[in-house]
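[1] Give me a 3D structure for the following:
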Amino acid sequence: MKRNPHVHLSLALLAIVLSIAFSSVTRSNAQQPPYSYPPSFPNPRLDRAYIALQAWKHAITSDPKNFTGNWCGPEVCNYTGVFCAPAPGDPHNLTTVAGIDLNHGNISGYLPEDLGLLTDLALFHINSNRFEGTLPQSFHDLRLLFELDVSNNLLSGEFPTVIFYLPSLKFLDIRFNMYHGKVPARVFDLKLDALFINNNNFSFSLPPNIGNSPVSVIVIANNNLSSCLPSSISNMSKTLNQIIITNSGLTGCLPPDIGALKNVTVFDVSGNDLVGELPDTIGDMRSLEQLNVARNKLSGEIPESICSLPKLQNFTYSDNYFCGEPEICLKLPSEDDRENCIPERPLQRSAEECAAFYSHPVDCGAYGCWPRSLPPSLPPAIAPSPSPLPH
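    Numbers count the residues shown, from 1 in each chain. Below you'll find the model as predicted:
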């Protein structure tokens, strides 16, 4: 019997169609994302960490160094920049995500609210990236967070008040961002060891309770202050090692109380609008190694007690209106007295400029930080005579 060639053609086409259909189904199943199946996690803590880190990865728009390139799958402890440790206080000794370190990644994106799921986090370091936005409000769940470093990013908005809900926080670094507005006074009531808020756009006055802060290092440089240095700073004498308030519009006179800061090694208030004389009590700051008061409007004589400090290596007092310095100051390993009014020293201001400055005596009380100075008493020679008694 003669076979119909059209039947052979139809069967061949059917076989091809079925083959393509089967191949398509197989390929479709193979291409399904791995997270469509529940990953296997050793414990719920790592389960939550996976959710948080995947959300963060999706919030990242650029990762030029491919830090998050291996952020896939359930093995979150193997992710670059993620550090795991036994969960503190857990009776089963479960492993958890304890630290994040993505420093110097030049990563762009934002910080999603899901990061609040990392409730065992002790360290969060993302400095030198390009993250925008601000700190998530969900950070208030990070009760174990000890170090928070988000410096050198593009974070903005007002001061991140979520930090007030972090009872374990000791190290706060939000410098080199675009935060603005006031810095709440209660920041200085926090039990911090280090506070870096410099190089933002904050505008505020240093509050009287700054002396409550137990920090060893405080840097407030390159903001907009409109205040004096409160005398309560002397209350920081037990812990303070370094204080840097440069280029911030600090006004008024330096309080004599700073002499109580006997553990301070670095005292830098350069580039402000400070006036008056240097308190000779600075000579009581026996640990001082670097003192910088340059680029202010300070005047008078440099106290010899300052240049006699046993550990002082660098004393910079250029660009002021000082009119005298002890010989011992010139023997320091590093000193700079240029642009002052010191006779017989090179590179000083002109006599006319100095005379004009000293024609207006400084009243420290005029800045609202100290009591106003009383007018001087008349000398006895020109004191008014008492009225004669009537006869």
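
[2] CA only for contacts and neighbour counts going forward, please
    Noted.

[3] For the nearest residue to Ala98 once chain neighbours are set aside, which residues are in contact?
    Among residues not flanking Ala98 along the chain, Leu121 sits closest, at 4.4 Å (Cα to Cα, 6 or more residues apart in numbering). Listed by Cα atoms under 8 Å, 6 or more residues apart in numbering, the contact partners of Leu121 are 97-100, 142, 144-145.

[4] one more time with 7 Å, if that's ok
    Contacts of Leu121 were listed using Cα atoms under 7 Å, 6 or more residues apart in numbering, and they are 97-99, 142, 144-145.

[5] Mind putting these into TSV with secondary structure?
    Shown next, in TSV, are the contacts of Leu121 (DSSP: H, G, I helix; E, B strand; the rest coil):
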residue	secondary structure
Val97	strand
Ala98	strand
Gly99	strand
Leu142	coil
Leu144	coil
Leu145	coil
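
[6] and which of those is nearest to Thr80?
    Nearest to Thr80 among those: Gly99, at 11.2 Å, using Cα to Cα.

[7] Run through the bridge partners of the closest one.
    Beta-bridge partners for Gly99, by DSSP bridges, are Phe83, Leu123.

[8] how many neighbours does it have?
    The number of residues packed near Gly99 is 20, by other Cα atoms under 10 Å.

[9] Is it possible to get a markdown table of the contacts of Leu121 that adds pLDDT and distance to Tyr317?
    A markdown table is the format used below for the contacts of Leu121 (pLDDT from 0 to 100; distance: Cα to Cα, whole Å):
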| residue | pLDDT | distance to Tyr317 |
| --- | --- | --- |
| Val97 | 98 | 49 |
| Ala98 | 98 | 46 |
| Gly99 | 98 | 43 |
| Leu142 | 98 | 44 |
| Leu144 | 97 | 43 |
| Leu145 | 98 | 40 |
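
[10] Contacts for stretch 102-110, please.
    Contacts to stretch 102-110, defined as Cα under 7 Å, 6+ apart, come from residues 59-65, 67, 81, 125-133.

[11] redo that, cut-off 8 Å
    Here stretch 102-110 makes contact (Cα under 8 Å, 6+ apart) with 56, 59-65, 67, 81, 125-134.

[12] Can you select the buried ones among these for me in ChimeraX?
    Buried residues among the contacts of stretch 102-110 (16 or more other Cα atoms under 10 Å), as a ChimeraX selection:
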select :56,60,63,67,81,125,126,127,128,129,130,131,132,133,134
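
[13] How is the residue nearest to Ala98 classified with respect to secondary structure?
    Quick answer, by three-state DSSP: Leu121 is coil.

[14] Could you measure from it over to Asp47?
    Look at Leu121 and Asp47: by Cα to Cα, to the nearest Å, they are 14 Å apart.

[15] Repeat that for Pro256.
    As judged by Cα to Cα, Pro256 and Asp47 stand 57 Å apart.

[16] next one: Gly181
    As judged by Cα to Cα, Gly181 and Asp47 stand 38 Å apart.

[17] Kindly report the same for Asp114.
    Distance of Asp114 to Asp47, computed by Cα to Cα: 12 Å.

[18] residue boundaries of the strands in the stretch 1-150 of the chain?
    For the stretch 1-150 of the chain, the strands defined by DSSP state E, counting those that start in this stretch occupy 60-62, 82-86, 95-101, 108-110, 123-125, 130-133, 147-149.

[19] Dump the ones you listed to JSON lines, plus distance to Ile342.
    What follows is those, written out as JSON lines (distance: least, Cα to Cα, whole Å):
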{"stretch": "strand 60-62", "distance to Ile342": "56"}
{"stretch": "strand 82-86", "distance to Ile342": "58"}
{"stretch": "strand 95-101", "distance to Ile342": "51"}
{"stretch": "strand 108-110", "distance to Ile342": "52"}
{"stretch": "strand 123-125", "distance to Ile342": "48"}
{"stretch": "strand 130-133", "distance to Ile342": "47"}
{"stretch": "strand 147-149", "distance to Ile342": "44"}
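
[20] ok, the residue nearest to Met285 when sequence neighbours are not counted - how many residues close by?
    Distance criterion Cα to Cα, 6+ apart; nearest residue to Met285, sequence neighbours excluded, is Lys262 at 4.4 Å. Neighbours of Lys262 under the rule other Cα under 10 Å: 21.

[21] quick one: Lys262 and Thr239 touch, right?
    No. The pair Lys262 / Thr239 is not scored as a contact, 9.6 Å apart, by Cα atoms under 8 Å.

[22] Name the residue in Pro256 and Asp47 with the higher neighbour count.
    Between Pro256 and Asp47, Asp47 has the larger neighbour count (other Cα under 10 Å), namely 19 against 14.

[23] The more buried one touches Gln54, doesn't it?
    No. The criterion here is Cα under 8 Å, and Asp47 misses it with Gln54 at 10.9 Å.
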